[in-house]
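**Student:** Sharing a model that was predicted from the sequence below.
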Amino acid sequence: MTQRVAIIAALPREIAALVRGLEPHATFQQRGILLYRLPDAVVVAGGMGMHRATLAFEAARAVAPIATVISAGLAGACSAGLVAGEMAEAAVVIESHTGERYSVAASLHPHVLVSSDAIAGVREKAWLAETYGAAMVDMEAATIARLAVAHGLGFLAVKGISDGHEFEMPSLSQFADHNGHFQTGAFARHTALRPREWRKALELGRGSKLALKKLHERLRTLMAESAS
């Protein structure tokens, strides 16, 4: 049986362009996991955070033999070296609370990525940059890296930068549901009633859209390389 690449993200929009027109696996969908089987890849959006990343990883391994796991999705910049709308890859992934480090052998634009347990604000981004030399922060990559190493799998972390190191929008953390998925509709309604947040919401939207376009292009290239 062909060994595949598994692309694991948190949010459906982080994989939407890769799976357009496909239906998610019904069994996993009932658990809040959107899993899609492509000819040479398994693509999963499992929700935000360590627990949901673990469930997504387990789901991917349950449906096909996996050779390489890619932690994909959006991340925030921790320093001025990255700006919203860019795509970046990690050379090192670090778990923020334990300091556990995972090296990535090959990366296109190598940076240090730190995984935190919540959406990082300006103060935490600065602390991560100072403490770990972090260029970007997410919530899942360190968990995926740990699981990949434990199972003897290859690992990459490829991220689109949704927001800069000086960007902060505290209300974002309120809108994760029990499956770790972002409630876009609830966020839109909340923001519509708060004009002071409109500029930041638009800024985040623009950065995310551009970053995801570049991210999806890179992921398509990686899938094609794994199939050759």
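**Tutor:** Thanks, I have the structure now. Numbers count the residues shown, from 1 in each chain.
**Student:** residue contacts, the closest residue to Gly133 other than its chain neighbours?
**Tutor:** Distance criterion CB to CB, 6 or more residues apart in numbering; nearest residue to Gly133, sequence neighbours excluded, is Val112 at 5.0 Å. For every residue, glycine as well, the C-beta is placed using N, CA and C. For Val112, the contact set (CB atoms under 8 Å, 6 or more residues apart in numbering) comprises 90-92, 94, 132-136.
**Student:** try 6 Å this time
**Tutor:** Contacts for Val112 were tallied using CB atoms under 6 Å, 6 or more residues apart in numbering; they are 92, 133-135.
**Student:** For these, give me a markdown table that also has secondary structure and neighbour count.
**Tutor:** Below are the contacts of Val112 laid out as a markdown table (DSSP: H, G, I helix; E, B strand; the rest coil; neighbours: other CB atoms under 10 Å):
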| residue | secondary structure | neighbour count |
| --- | --- | --- |
| Val92 | strand | 20 |
| Gly133 | coil | 14 |
| Ala134 | coil | 30 |
| Ala135 | coil | 27 |
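**Student:** Specify which member of those is nearest to Glu124.
**Tutor:** Among the contacts of Val112, Ala134 lies closest to Glu124 (CB to CB), at 9.9 Å.
**Student:** Hmm, His111 and that closest one touching each other?
**Tutor:** No - contact criterion CB atoms under 6 Å: Ala134 and His111 do not qualify, at 8.2 Å.
**Student:** name the helices or strands packed onto the lengthiest helix in the chain?
**Tutor:** Ranked by residue count and defined by DSSP state H, the top helix of the chain is helix 198-227. Using 3 or more CB pairs under 6 Å, 6 or more residues apart in numbering; DSSP states H and E, the elements in contact with helix 198-227 are strand 87-95, strand 154-163.
**Student:** Recalculate using a threshold of 7 Å.
**Tutor:** strand 4-9, strand 66-77, strand 87-95, strand 154-163 (3 or more CB pairs under 7 Å, 6 or more residues apart in numbering; DSSP states H and E).
**Student:** Which one of those strands lies nearest to Ala45?
**Tutor:** strand 4-9 (5.0 Å).
**Student:** For that closest one, which helices and strands make contact with it?
**Tutor:** strand 41-45, helix 50-63, strand 66-77, helix 198-227.
**Student:** at 6 Å instead, please
**Tutor:** strand 41-45, strand 66-77.
**Student:** any idea of the angle the shortest one forms with helix 50-63?
**Tutor:** Spelled out, it's strand 41-45. Here the directions of strand 41-45 and helix 50-63 differ by 150 degrees (axes from the mean of the first three to the mean of the last three CA atoms, to 10 degrees).
**Student:** can you check the longest one too?
**Tutor:** With the same axes, to 10 degrees defining the directions, strand 66-77 sits at 150 degrees from helix 50-63.
**Student:** Name the helix or strand of the chain that has the lowest mean pLDDT.
**Tutor:** helix 184-192 (a mean of 66; mean pLDDT, DSSP states H and E).
**Student:** distance of Ala60 from Ala80?
**Tutor:** Ala60 is 35 Å from Ala80, where distance means CB to CB, to the nearest Å.
**Student:** Repeat that for Ala150.
**Tutor:** 35 Å.
**Student:** Do I have it right that Ala227 meets Ala41?
**Tutor:** No - the criterion here is CB under 6 Å, and Ala227 misses it with Ala41 at 8.1 Å.
**Student:** Before I go, just wanted to say thanks for your time.
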